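[1] Next input, structure requested:
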Amino acid sequence: MRPIRKQELDYLHQLINNKFNEKQQAVRSQCEIEVGKQLEKDFDKFVATLKLDKLIKEAEVAEKEYQDFKQSKEMKETALSVNATKKKHALKEKFNQWNEIRQWHLSTRSDNDLDCIMSTLKSACRVELEEKYKNSEKGKFFKYLENGVEDAKNTLYSGLSIDDVWKNLESIFSKAQIEVRVPKSFTQISK
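    Numbering: from 1, shown residues only. Down below sits the predicted model:
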């Protein structure tokens, strides 16, 4: 049994990092594409699930009324502004409750800009969709890739012979659907 030489150890360590990083980036990109597509489809359902749709509609109506009549009498403008602020504040309060419950760690800035609130709400929807993706089959594969790096490094530093290390790494790379050209001399059974 020939032990792993320092150069072989360094090479395999770098190979493991590079191959898994490449695969993780590809899967991460796919996740971003799919989450982006799904965001527009699921946003209204997401808002309805959180029971924010009524508050959003009320805030939008109040904001529209405010904008439409802004140039009218000063009293009307003030009254509508107060109404819009109340509705947006109610929306923010409800969002903040969900933010705490679901632990999104998102912040609706201190201002009462409806676009800002909606942007933050979309971010919350994105967080939920990413979590859903991570629990899907593709997401489980991504988790496997993260664990695969650890498995590969454990094999690398296991103290096994270079032949056994390559055999185990070949299996780990194969399960991760990573193509690596393994030297045939390391994967053939010794006689």
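[2] average pLDDT for stretch 86-101?
    Per-residue pLDDT values over stretch 86-101 give a mean of 90.
[3] Can you give me the buried ones in it?
    Lys87, Lys88, Leu91, Lys92, Lys94, Phe95, Trp98, Asn99 (16 or more other Cβ atoms under 10 Å). C-beta: built from backbone N, CA, C; applies to glycine.
[4] How about stretch 166-173?
    Within stretch 166-173, judged by 16+ other Cβ under 10 Å, the buried ones are Trp166, Lys167, Asn168, Leu169, Ile172, Phe173.
[5] Next, the contact list for the residue lying closest to Cys31 once chain neighbours are set aside, please.
    Among residues not flanking Cys31 along the chain, Tyr133 sits closest, at 5.4 Å (Cβ to Cβ, 6 or more residues apart in numbering). The contact partners of Tyr133, taken as Cβ atoms under 8 Å, 6 or more residues apart in numbering, are Cys31, Glu34, Val35, Gly139.
[6] Show me which of the residues you listed is closest to Asp10.
    Cys31 (31.4 Å; Cβ to Cβ).
[7] Now do the helix or strand that closest one falls within: distance to the chain's middle.
    Assigned by DSSP states H and E, Cys31 belongs to helix 6-49. Centroid displacement of helix 6-49 relative to its chain, using Cα atoms, centre = their mean, to the nearest Å, is 9 Å.
[8] Right, I'll call it a day here.
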